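Participant: Model the structure of this input:
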Amino acid sequence: MNPLSYLIIGCGHFGRRSVETLVKKYPRSKIVVVDKHKKECKKISRLSVETRVGDGVTYLKQFLSVSGKVDYIIPAVPFHLAFEYILSQLKPLGGKRGKVPDLTGLPNPMRGKTGDLYTSIADFLCPEDCREPARYCTFTREKREKPLYKLLEDLRGPFESKVIRSKQLGLGVGGYLSEDLLKIVMEIKKAGASDRLILISTACRCHSVTSALSF
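Facilitator: Predicted coordinates for the structure are as follows:
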């Protein structure tokens, strides 16, 4: 089996932790790290990874548009990376940031500065080395009910709900398949630009961020 490839956007605390975890777990994998600050990239210069200095969304756009192939994208930036990429692809069709409506049935909702909706099954700070087990919480030992990504998939209302599932790649490290991101862009383009609201979520079992795309 060929080693997988990873594109990490952001080289702050979580980005560096992702790099260190993946290098140790998958020493033969190809890892590219992008950050707009050169000094942050230098902090991982001792590791066998490639670094790029630049804006994360711009790099992701250019990389994927020229048939760049990567298995997993790992967002380690303080904004909804997947949504910003999707928005950049759909602006020519009239896509714009919409307002996330009030949603019922989601745990511990909190609004971000740009209107994104953050939800979490946990009402406490999760340990960084959580194994994200399917049946119970490692911190509280309580039984885990329906995972958060499934709650978001099952949302019903005057909108569409599309979810990019983040999978655990290492302890406390999550990322999603690049093909899942591209698939959502293609689905929206294929359906055509109409007067509709589409909720775009990135979610794992316990945490999520949701943004709204409108036409």
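Participant: When you work out contacts or count neighbours from here on, use the C-alpha atoms and nothing else.
Facilitator: Will do.
Participant: Quickly list the domain ranges of the protein.
Facilitator: 1-78, 94-173+191-215 (automatic domain parsing).
Participant: May I see the ones you listed organised as TSV, with mean pLDDT and mean neighbour count added?
Facilitator: TSV is the format used below for the domains of the chain (pLDDT from 0 to 100; neighbours: other C-alpha atoms under 10 Å):
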stretch	mean pLDDT	mean neighbour count
domain 1-78	94	17
domain 94-173+191-215	92	16
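Participant: Between these, which one is closest to Val185.
Facilitator: Among the domains of the chain, domain 94-173+191-215 comes nearest to Val185, with 10.1 Å by C-alpha to C-alpha.
Participant: just checking, Glu187 is part of a helix?
Facilitator: Yes. Assessed by DSSP: H, G, I helix; E, B strand; the rest coil, Glu187 belongs to a helix.
Participant: how much space between it and Glu160?
Facilitator: The spacing between Glu187 and Glu160, counted by C-alpha to C-alpha, to the nearest Å, is 12 Å.
Participant: List the beta-bridge partners for the residue nearest to Pro109 when sequence neighbours are not counted.
Facilitator: Nearest non-adjacent residue to Pro109, counting by C-alpha to C-alpha, 6 or more residues apart in numbering: Thr119, 4.5 Å away. According to DSSP bridges, the residues that bridge with Thr119 are Ser208.
Participant: hang on, Thr119 packs against Met110?
Facilitator: Yes. Between Thr119 and Met110 there is a contact under C-alpha atoms under 8 Å: 6.3 Å.
Participant: joint contacts of these two?
Facilitator: Between them, Thr119 and Met110 share no contacting residue under C-alpha atoms under 8 Å, 6 or more residues apart in numbering.
Participant: Would you quantify the distance from Leu81 to Tyr59?
Facilitator: 12 Å.
Participant: Identify the residues contacting Lys38.
Facilitator: Applying C-alpha under 8 Å, 6+ apart to Lys38 gives the contacts Val53.
Participant: send the alpha carbons of the host helix or strand of Ala212 over as CSV?
Facilitator: In this assignment (DSSP states H and E), Ala212 forms part of strand 207-214. The C-alpha trace of strand 207-214 is given here as CSV (Å, rounded to 0.1, in the frame of the first residue of the first chain):
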residue,chain,number,x,y,z
HIS,A,207,-17.2,19.0,17.1
SER,A,208,-18.3,20.9,14.1
VAL,A,209,-18.4,24.3,12.3
THR,A,210,-21.2,25.2,10.0
SER,A,211,-21.3,28.1,7.5
ALA,A,212,-24.0,29.1,5.0
LEU,A,213,-23.8,29.5,1.3
SER,A,214,-26.5,31.4,-0.6
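Participant: now what about that strand, what contacts it?
Facilitator: Residues from elsewhere that reach strand 207-214 (C-alpha under 8 Å, 6+ apart): 80, 83, 87, 95-100, 115-122, 148-149, 195-203.
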